[in-house]
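Chemist: structure here, sequence nowhere to be found:
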């Protein structure tokens, strides 16, 4: 992937995004206390299958670690990402159903 993942923060959330070949892929989130709620990911169809969504989730994980946040996945892609990586379970919100 030729571009780095950036974050655009608002008071209550924001998005992680990357632009590849002029197209933007995103992971939107909201902040709830000490939780980063991963709401949705979007990768343009022509860019899918290249690991871009995984890079967005990894950026959210890095951001959460640096800011003392736990992740509450709502997005089905993020849910599956964590299911496939049980070693990251300590990063999930205590409120997230196991």
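Modeler: On my side now, so go ahead. Note that the coordinates shown come from a computational prediction; the quantities given were computed from them, not determined experimentally.
Chemist: tell me the centre residue of this protein?
Modeler: Closest to where the C-alpha atoms of the chain average out (CA atoms, centre = their mean) is residue 57, at 3.4 Å.
Chemist: model confidence over the helix or strand that contains it, on average?
Modeler: Per DSSP states H and E, residue 57 falls inside helix 52-66. For helix 52-66, mean pLDDT rounds to 97.
Chemist: contact partners of the following helix or strand past it?
Modeler: Moving toward the C-terminus from helix 52-66, the first helix or strand encountered (DSSP H and E) is strand 70-73. Strand 70-73 is contacted from outside by 32, 34-38, 60-61, 64, 78-79, 81-82, 91-96, using CB atoms under 8 Å, 6 or more residues apart in numbering. Every C-beta, even on glycine, is put in place using the N, C-alpha and C of the backbone.
Chemist: of the residues you listed, buried ones?
Modeler: Buried members of the contacts of strand 70-73, scored by 16 or more other CB atoms under 10 Å, are 35-38, 60-61, 64, 78, 81-82, 91-93, 96.
Chemist: restricted to helices, list those residues.
Modeler: When DSSP state H is applied, the buried ones among the contacts of strand 70-73 are split such that 60-61, 64, 78, 81-82 fall in helices.
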